[in-house]
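Engineer: model this:
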Amino acid sequence: MSASTLNPESSEPMMDINTTPLIDVMLVLLIMFIITIPVQTHAVKLDLPQNQDNQTPPPIDPVKNKIVIMPNDAVLWNGAPVNMVTLRQYLDITTTMTPTPELHLQPHPDARYEVVDEVLAVAKRANVQAMGFVGNEAYANF
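Structural biologist: Below is the predicted model:
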């Protein structure tokens, strides 16, 4: 072979390196490198709640709370007996919550009026704004 067949424009042989095989080898190595890299996971730390079956529910419901006055002069806050001091503390907490939870008052038909009046006075001193009477239909026959 003569130099003229290699490079027809000049009489000198071509001195450039053929880079096509080099690029092919580099692409194969790059693909192999990408495949063998372990996939990085982006972890987000979350503090999940733990299951606590023996924990009592909070005494104050953020939506509505119910006061029941029993015939034996017991006052129940969401089913748990309370005294007037604890009742006032619960009512003070509910007035600071946003939105203010409703207060449902349900006196038993045989409950003494004096106890109902005392509960109403405690609610008034605590500045309760959203209060309603539940179970008025029990008094329809009186």
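Engineer: contacts for the helix or strand that contains residue 104 next, please.
Structural biologist: Assigned by DSSP states H and E, residue 104 belongs to strand 102-107. By Cβ atoms under 8 Å, 6 or more residues apart in numbering, the residues outside strand 102-107 that reach it are 63-69, 91, 94, 115-116, 119-120, 123, 128, 130-135. The C-beta positions use only the backbone N, C-alpha and C, and glycine is treated the same way.
Engineer: could I have the CA atoms of that strand written out in CSV?
Structural biologist: Output of strand 102-107 as CSV, limited to C-alpha atoms (Å, rounded to 0.1, in the frame of the first residue of the first chain):
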residue,chain,number,x,y,z
GLU,A,102,-68.2,22.2,72.5
LEU,A,103,-69.4,21.4,76.0
HIS,A,104,-72.4,19.2,76.3
LEU,A,105,-74.1,19.2,79.7
GLN,A,106,-76.4,16.2,80.4
PRO,A,107,-77.9,16.2,83.9
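Engineer: how far does it sit from the chain's center?
Structural biologist: 28 Å (Cα atoms, centre = their mean, to the nearest Å).
Engineer: quickly run through the sheet partners of that strand, with directions.
Structural biologist: Paired strands of strand 102-107, with direction, are strand 64-69 (parallel), strand 131-133 (parallel) (DSSP bridges).
Engineer: out of these, nearest to residue 19?
Structural biologist: In terms of Cβ to Cβ, the element of the strands paired with strand 102-107 nearest to residue 19 is strand 64-69, at 78.3 Å.
Engineer: angle of the helix or strand residue 120 falls within against strand 64-69?
Structural biologist: Taking DSSP H and E as the criterion, residue 120 maps to helix 113-125. Comparing the axes of helix 113-125 and strand 64-69 via axes from the mean of the first three to the mean of the last three Cα atoms, to 10 degrees yields an angle of 150 degrees.
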